[in-house]
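*Asks:* The following block contains a protein sequence and its predicted model.
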Amino acid sequence: MSRFRRNAVVGLALVAALALTSCTSGTDTTNTPDADASVTVGLVLEPTDLDIRHTSGAALEQVLIDNVYEGLVSRTASGEIEDNLASSHEVSDDGLTYTFTLNDGITFHSGNEATVDDVVWSLNGVKDDETLIDHANFANVSSIAADGDDTVVITLTAPDSNFLWNLTGRGGLVFEQADDTDLSTGANGTGPFTLGEWKQGASISLDRFDDYWGDAAQVSEVVFEYIPDATAGVNAIVAGDIDVLTPVDANLRSQVDAVDELTITEGRTTDKYTLAFNNARAPLDDVRVREALRLAIDHEAIIAAIGGAGVEQGGPIPELDPGYEDLTDVRPFDPERAKQLLAEAGQSDLELTLTIPNIYANTVSNVLVSQFKDVGVTLDVDSVEFSAWLEDVYTNKDYDLSFVDHLEARDFGNWANPDYYFGYDNPEVQSLFQESVAATSDDEAADLLAQAARIVAEDHAGDVLYNATALTAVADGITGFPTDSPNARLDLGELAVG
Amino acid sequence: MIRFLATRIVLLLVGLLIASALIFFTLRVLPGDVAQVIAGTQSTPEQVAAIREQLGLNVPLPVQYLDWVGGILRGDLGSSLVTGTPVVEELVEKAAVTVPLALMSLVIALLVSVPFGVLAALRRSSVSGTVFAVTAQALAAVPVVWAGMILVIVFAVWLGWLPPQGFPRGGWDDPAAAVRALLLPALTIGVVEGAVLLRFVRSATLEAMGQDYVRTAAATGLTRRRALLTHGLPNVALSVVSVLALQVAGLLVGAVIVEQLFTLPGVGRMLVSDVGNRDLEKVQGAVFLFTAIVLVIGALIDVLARVLDPRQRETS
């Protein structure tokens, strides 16, 4: 990708020059992608460590899954499950037996062939080793075994409607049994890209893997540059230092829009910017107080304050996940009714603390402070480091209100877990969730989830302030960059420069 | 002199010991836990406990401290709790950005402060002298972040002369690109630090102008300016050097801010993210090394001043 540098004066000259060249050479423009291209992608959050089996964090999955590591099945950007290393899969009618047929000629980056034994070994690792991430997802698995050279059979003790989905995550990734790569700093997968170089605190590069079993990647190299500061990121793409930037801070969008060679795509996500209530602690154990807080929030104003990059989400499940239903009418913006409810609950001069990790701008908390003030609730904002948030809020549950982005897809189970930091304990929700897990048809599972989600919404167990819209800036000539959920998964198999 | 050196060395060692204890134990006051950071929000308490065990975080603090100090004595600053990379290895890599950045900033600061500081002193009663002094006063009050943002808007976004952020992936393989990447950040620190130094150079020069030896030199027929340049400036230089030693700490703080602002993969940015992740082993190693450098430079300056300035030898 050629570097273009823009500014007021040179930019005009450049546009003129481009216009001229397109006039003269317009006829020989072809759409053959440039196989030698290198694409630089600006991202915000860098992984702390590359060991995808032991370290959590979306930043790792975003870059490594699908590109470097692959599983039997994968998920599309919009959340559908599709076969990946498996050429096909079958689930028995009772939901207990999963049979996967492997594709031919799968090779690890080490050069060795990926066998059915590697698959069985990898999956058994997650089942047996409790230090591996997603170990809990394999609780229902009774056996994982090879059947011949190209078939893997997984048997469950009870049906699990989430199991296939879970296999699209870390737990389902396939590693080489005989490999001794240090996965903290290196990688050896089967994906279309090999790990190039990780410069901690700066960038990670991926190189095309020429012996890839499937369709080869269309570019020779992808470089992820980590730019934590939103303004620096926008400056970088406007100056042509990077080719793609995700996410673009919505409040800085106009600077990107002003550049003709850049396009902004808007994608859906499962990012739920959640205002959590500590349901286990007074006065938030009173549903009237929780409802009052939700009615006091003008969600439209919050979305406007963050630059418009979000949609309202009335319940706990976002549009991309099964069980979604528009539940916004459960919590209309009604400050008068909120005051009434607070009075009924005997709460005058209510004072609450909002614990928020300092990685988030204070835009949302400022709006909340003023909206809550309108109904007579004083909100103290306590901005803490993320590691302190993890300890105080997540682990010790010592908080009133909290605000974080829950970006994981299909994470409704948190509302059915009384030990989760939400402190929400509703046996009906828990049993509906269990039934949805045990369901053997997707429709049935989704229907049960929708019922449970409605109860959570009507209980006002928490509030999703908005479901984020992903803004991605892409330079002209680049195609195939994922639009939906780019902060969860970046499958770059289709990325091309033409 | 030997006695002086011996006392100075003992003082330095005691300083290092106190610093190591302060660094180690104050970091432990921070809330949060690296094991929880590694395990993330989808983990069970058992997983977090297993990671703590594995990283040796359950060992009593005094024992951890002694282990760490023992390591330093063997020349081992420990390893990252998250990735396992040795602290020294990563520091060397990041120093390839931070050290040149600090040096460039220092050069810019000197280029700004020395000539203009002397000029401001020489012309203290003229309009230009007042302009220098007032400008320096104003610039010294500018926050580094703001100065950086203005420089980015003007030189990177409007004019497009210099990159707004980042460092070449090949590092110093392409020296021109690396220097270009460091120029705006170095200017940001250099101008602000230079303004601070300028005021110092100005007052040191003014003081020198009032000294007997300059007046005597002037009385022997030299112009006041010439007298100052030949006899006064060496003395000015001496006091500027000792202030510079103090400024090293300022430069490092500036580097932390500027590396965030310009997304430079240097020591400062590394420290910020390590503190955030509670990778305390790495933070304490890096901070200790910095402290050691500042203390050693301080000691060297003391010795140097004693060698250069006969008056100090007499007084002890």
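*Replies:* Received the coordinates, thanks.

*Asks:* Show me how the record splits chain B into domains.
*Replies:* Structural domains assigned to chain B are B:1-74, B:88-313, following the TED database.

*Asks:* Please determine whether the longest one lies in contact with chain A.
*Replies:* The reference is to domain B:88-313. Yes: in terms of Cβ under 8 Å from any Cβ of the partner chain, part of domain B:88-313 sits within range of chain A, namely B:90, B:93-94, B:149, B:152, B:156-160, B:163-167, B:169, B:260-263, B:265-266, B:269-270, B:273, B:275-279. In short, each C-beta sits where N, CA and C put it, glycine included.

*Asks:* Does A:Asp94 belong to a helix, a strand or coil?
*Replies:* Assigned with DSSP: H, G, I helix; E, B strand; the rest coil, A:Asp94 falls in the coil class.

*Asks:* Pretty sure it sits against A:Thr440.
*Replies:* Yes: the criterion here is Cβ atoms under 8 Å, and A:Asp94 meets it with A:Thr440 at 6.8 Å.

*Asks:* Give me the more crowded residue out of the two.
*Replies:* Of the pair A:Asp94 and A:Thr440, A:Thr440 is the one with more neighbours under other Cβ atoms under 10 Å in any protein chain shown, namely 15 against 10.

*Asks:* So for the residue lying closest to that one once chain neighbours are set aside, what pLDDT did the model give?
*Replies:* Distances taken as Cβ to Cβ, 6 or more residues apart in numbering or on different chains place A:Gly95 nearest to A:Thr440, at 3.9 Å, with adjacent residues excluded. The score at A:Gly95 is 93. That number is its pLDDT.

*Asks:* same deal with A:Thr24?
*Replies:* Turning to A:Thr24, the model gives it a pLDDT of 39.

*Asks:* burial count for the residue nearest to A:Thr440?
*Replies:* Other residues near A:Gly95 number 17, with proximity taken as other Cβ under 10 Å.

*Asks:* surely it meets A:Asn162?
*Replies:* No: in this structure, A:Gly95 sits apart from A:Asn162 without contact. The criterion is Cβ under 8 Å, and the distance is 11.2 Å.

*Asks:* Find the closest residue to chain B in the stretch 351-498 of chain A.
*Replies:* Per Cβ to the nearest Cβ, the residue of the stretch 351-498 of chain A with the smallest distance to chain B is A:Ser387, at 3.0 Å.

*Asks:* for that residue, helix, strand, or coil?
*Replies:* Bear in mind the rule, three-state DSSP; under it A:Ser387 is helix.

*Asks:* Now tabulate the domains of chain B in CSV and tack on mean neighbour count and mean pLDDT.
*Replies:* As requested, these are exported to CSV (neighbours: other Cβ atoms under 10 Å in any protein chain shown; pLDDT from 0 to 100):
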stretch, mean neighbour count, mean pLDDT
domain B:1-74, 15, 88
domain B:88-313, 18, 84
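
*Asks:* which stretches of the stretch 51-200 of chain B form strands?
*Replies:* Counting by DSSP state E, counting those that start in this stretch, the stretch 51-200 of chain B has no strands to list.

*Asks:* Quick one: mean pLDDT over stretch A:109-129.
*Replies:* Regarding stretch A:109-129, the rounded mean pLDDT is 96.

*Asks:* touching chain B at all, it?
*Replies:* No: among the residues of stretch A:109-129, none lie within reach of chain B under Cβ under 8 Å from any Cβ; the closest is 10.4 Å away.

*Asks:* Please save the CA atoms from stretch A:405-414 in CSV.
*Replies:* Below are the C-alpha coordinates for stretch A:405-414, written out as CSV (Å, rounded to 0.1, in the frame of the first residue of the first chain):
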residue,chain,number,x,y,z
ASP,A,405,-18.0,-2.8,28.6
HIS,A,406,-19.1,-6.4,28.6
LEU,A,407,-18.1,-7.3,25.0
GLU,A,408,-18.3,-11.1,25.1
ALA,A,409,-20.9,-12.5,22.8
ARG,A,410,-23.5,-14.8,24.3
ASP,A,411,-22.7,-14.0,27.9
PHE,A,412,-26.2,-14.0,29.3
GLY,A,413,-25.1,-16.7,31.7
ASN,A,414,-23.7,-14.0,34.0
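
*Asks:* Over that stretch, what's the mean pLDDT, rounded is fine.
*Replies:* Per-residue confidence for stretch A:405-414 averages out to 93 on the pLDDT scale.

*Asks:* Show residues contacting it.
*Replies:* Contact with stretch A:405-414 is made by A:58, A:75, A:79, A:162, A:165, A:269-274, A:316-317, A:320-323, A:360, A:420, A:422, A:433, A:449, A:452-453, A:468, A:485, A:487-488, B:41-42, as judged by Cβ atoms under 8 Å, 6 or more residues apart in numbering or on different chains.

*Asks:* who in the stretch 151-300 of chain A is up against chain B?
*Replies:* Contact residues (Cβ under 8 Å from any Cβ) of the stretch 151-300 of chain A with chain B: A:182, A:184-185, A:197, A:199-203, A:205, A:223, A:225-229, A:231-233, A:235-236, A:238-239, A:241.

*Asks:* A:Leu471 looks like it's in a strand, true?
*Replies:* Yes: inclusion of A:Leu471 in a strand is indicated when three-state DSSP is applied.

*Asks:* quick one: A:Ile154 from A:Ala409, how far?
*Replies:* As for A:Ile154, its distance to A:Ala409 is 21 Å (criterion: Cβ to Cβ, to the nearest Å).
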